[in-house]
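Build me a model:
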Amino acid sequence: EEEEEGERRPPDAEVACEALQCLCNTVYNSPAARDAAEQLRLLRGLATHLKRGARDRPGAGPGAGGLPDPRFYELRLMFLLTALSVDARLQLGRQLRGLALLTAALEAALGLGPGAGDGEAGMMMMMM
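Numbers count the residues shown, from 1 in each chain. Next up is the predicted model:
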């Protein structure tokens, strides 16, 4: 069936992963892309998306159903933005509650739940 004009289908995981991977490569290799990401407030949008994603996709884990998990690339992009910019690191840490956000997103991407693998989650918290 054809989609109605006003409806939009969400991209499938494979397409989303490929797009995020390209964006990661562009941000890594281009200072102009990093400046554009800052102007577009990409870090804030990623943080919001990761917060929502951790609630909407609990326990999906990497490669659930044989498909790549876009959360991996979202985390990778957030890492690149913060690794390459002191201002982005400060924003994530102070304004966006970065440690709690990244811990929850990483646990969700790895398929670790509140009751599952408490030892691994505790170890990851110590590493951060």
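
And the helix with the most length in the chain, what does it pack against?
When the chain is parsed with DSSP state H, its longest helix is helix 13-29. The contact analysis (3 or more C-beta pairs under 8 Å, 6 or more residues apart in numbering; DSSP states H and E) places helix 13-29 against helix 31-39, helix 70-83. From N, CA and C alone the C-beta is placed, and that goes for glycine too.

Find the nearest non-adjacent residue to Ala109, please.
Closest residue to Ala109 apart from its sequence neighbours, by C-beta to C-beta, 6 or more residues apart in numbering: Arg71 at 4.2 Å.

Could you count how many residues lie near the one you found?
Arg71 sits with 25 neighbouring residues when counted by other C-beta atoms under 10 Å.

Number the chain from 210, please
Renumbered: residue one is now 210, and that last one reads Arg280.

from memory it sits against Ala313, does it?
No: under the criterion of C-beta atoms under 8 Å, Arg280 is not in contact with Ala313, lying 10.7 Å apart.

anything in contact with each of the two?
Common contacts of Arg280 and Ala313 (C-beta atoms under 8 Å, 6 or more residues apart in numbering): Leu259.

Dump stretch 235-243 to CSV, keeping only the CA atoms.
What follows is stretch 235-243, C-alpha atoms only, in CSV (Å, rounded to 0.1, in the frame of the first residue of the first chain):
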residue,chain,number,x,y,z
THR,A,235,32.2,13.7,8.3
VAL,A,236,32.4,15.1,11.8
TYR,A,237,35.7,13.4,12.5
ASN,A,238,37.3,14.6,9.3
SER,A,239,35.8,18.1,9.0
PRO,A,240,36.2,21.1,11.3
ALA,A,241,33.4,22.8,9.3
ALA,A,242,31.1,19.9,10.0
ARG,A,243,31.9,20.2,13.7
